[in-house]
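J.: model the following, please.
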Amino acid sequence: MHTSHSLFRHLRRGAGGLAAALALAAGPAVAVETLPAYNSYQAVPFVVEGGGLGADLVAYLNEKLKGKYAFQITNLSRDKLNQTLDKDAAFKGIVLFLNPLFVDDKDKKKYHWTPGLMNDANAVVSLNSKKIEYVDTDSLKGLKFAGVLGNKYAGFEDRFGKDIQRENANEELSNLRKVASGKADVTIMPMSTYRYLLKQLGEQSPVRTTLYLSSKPHARFERYIFSASGDTALAGELDAVVGAMRADPAWKRVAAKYGLD
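T.: Purely as a prediction, here's the structure:
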């Protein structure tokens, strides 16, 4: 009986040792860190009823980078984003939908930029009764401009407060209403946002029927994702995914949902 108990204890120690050895060989399970995916566009289609293009893009990236990176959509104002970037150029996470010109990184040296994510343009919107056909920045001279708090408008920054009066709102729909009511002469916003807002307002909206869209936009540009320049591992993974997106049927379905180019 004594021998039997000894043998049993020996077998248990052996089994425990084997399990420990297997666990050691496998290594500890590494949890994927959740990183913020900053989106400073609060208007449609980027944010739609708690979801929107930003959330769908993050879901797409998480699916493609499963087990490597996990992102969580973080919607914030452009002002707050600017503060975050100014505070730490080596920030963790990614920033969605911007262009190098929008964050003073024309030469793409401050941050790492992925391949182009989508095409867009800046629509110049005025009143039908006071149509503004945009040619250059002088086209807005002497006018009241409705802007979004924290947004930078290329070519206009040194004109605001001088020969162009700027008043800010928190989002683009407010600016469309300002122009439609005559409280502002002109506004500039992403074409993607303008089209989606018109669809949302509906064919019979008095706001929609009073607006005029310049045939020439303020600018045409690509949108990108960027990350801190020192995180080369993240940069490599993002570049591979974004570089293949436009040909991916899964992303094409997302783009079609929002009427994107």
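J.: distance of Ser139 from Asp185?
T.: Per Cβ to Cβ, to the nearest Å, Ser139 is found 11 Å from Asp185. Any C-beta I mention is one placed from the backbone N, CA and C, and that applies to glycine too.
J.: whoops, I mixed them up, Asp239
T.: To Asp185, Asp239 is 42 Å away according to Cβ to Cβ.
J.: between those two, who's got more neighbours?
T.: Between Asp239 and Asp185, counting by other Cβ atoms under 10 Å, Asp185 is the more crowded of the two (19 against 15).
J.: run through the residues that contact the nearest residue to that one once chain neighbours are set aside.
T.: Once its chain neighbours are removed from consideration, Asp185 has its nearest residue in Leu143; the separation is 4.0 Å (Cβ to Cβ, 6 or more residues apart in numbering). Remark: with contacts taken as Cβ atoms under 8 Å, 6 or more residues apart in numbering, Leu143 is in contact with Ile132, Ile164, Gln165, Asp185, Val186.
J.: bridging residues for the third one?
T.: For Gln165, the beta-bridge partners under DSSP bridges are Lys144.
J.: that one: how many residues sit nearby?
T.: Neighbourhood size, Gln165 [other Cβ under 10 Å]: 16.
J.: touching, it and Lys144? I think so.
T.: Yes - because the distance of 4.8 Å satisfies Cβ atoms under 8 Å, Gln165 is recorded as touching Lys144.
J.: ok, back up a step: give me the pLDDT value at the residue nearest to Asp185.
T.: Leu143 carries a pLDDT score of 98 in this model.
J.: where's it relative to Asp248, distance?
T.: Leu143 sits 43 Å away from Asp248, going by Cβ to Cβ.
J.: all strands of the stretch 101-250 of the chain, in order?
T.: If you assign secondary structure with DSSP state E, counting those that start in this stretch, the strands in the stretch 101-250 of the chain sit at 111-113, 118-127, 144-148, 165-169, 186-190, 211-213, 219-228.
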